[in-house]
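> Pasting the sequence and the predicted model now:
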Amino acid sequence: MTILRNLPEQLILAHAPWVLGGGLIVCIVGCAAAGLALIFSGEVGGLFTILVGSCVPLAIFAVAIKRDQAIFDATAATVTLQRRTLFGYGRQTYDLGDVRRAEVEDFSDTARAILTFHGASPPYPLVEAYVSGNAPRQVVDAINDWLRAARRTERKG
């Protein structure tokens, strides 16, 4: 996830896999163009090229490409978690006081950031995919730092 805004009153994090999505779109368009060129030159195999070469990347795009956003709002005392896919849009809003902290969830050599809550709510992965590198730890640190500052401000006010 990328930090879009980090202010005392609001923290916004977002993840959009632009490179993967763009690569899949280039593959879809390229295979469709190649298939159409084959069809116009009289080759029936062009139809197969269009169907397989375009439909497989399109299916991967539909399943794998998800835009995630987390909005921590101290003024409204809420955390809004949004996930948009090709098939729909999901949005969940929690009270800021219900959020315990952010944690790193490890899987083999990869990790992802999750939010944990007080009470019975299960942990919420901010991004469904696990990634290698230090990015999940940086996101968790930013969230936890922001939550600590917001809670200190709340107690003073």
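Great, that's in hand. Residues are numbered from 1 along each chain as shown.
> immediately after the helix or strand harbouring Ala32, which helix or strand?
Assigned by DSSP states H and E, Ala32 belongs to helix 18-40. Next helix or strand after helix 18-40 toward the C-terminus (DSSP H and E): helix 45-64.
> can you list contacts of stretch 111-120?
1, 70, 79, 81, 94, 97-105, 123-132, 136-137, 139-140, 143 (Cβ atoms under 8 Å, 6 or more residues apart in numbering). Backbone N, C-alpha and C define where each C-beta goes, glycine included.
> Return the distance of the helix holding Ala32 from the chain's centre.
Distance of helix 18-40 from its chain centroid, counting by Cα atoms, centre = their mean, to the nearest Å, is 24 Å.
> Would you mark the buried spots in that helix?
Leu24, Cys27, Ile28, Cys31, Ala32, Gly35, Leu38 (16 or more other Cβ atoms under 10 Å).
> which helices and strands does it pack with?
helix 45-64 (3 or more Cβ pairs under 8 Å, 6 or more residues apart in numbering; DSSP states H and E).
> after the helix it packs on, next one along is what?
Per DSSP H and E, the first helix or strand lying C-terminal to helix 45-64 is strand 67-73.
> Run through the neighbouring helices and strands of that next one.
Judged by 3+ Cβ pairs under 8 Å, 6+ apart, the packing partners of strand 67-73 are strand 10-15, strand 78-84, helix 135-156.
> Dump those into a markdown table; add distance to Ile114, mean neighbour count and mean pLDDT as well.
Formatted as a markdown table, these follow (distance: least, Cβ to Cβ, whole Å; neighbours: other Cβ atoms under 10 Å; pLDDT from 0 to 100):
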| stretch | distance to Ile114 | mean neighbour count | mean pLDDT |
| --- | --- | --- | --- |
| strand 10-15 | 13 | 20 | 95 |
| strand 78-84 | 11 | 18 | 94 |
| helix 135-156 | 8 | 15 | 91 |
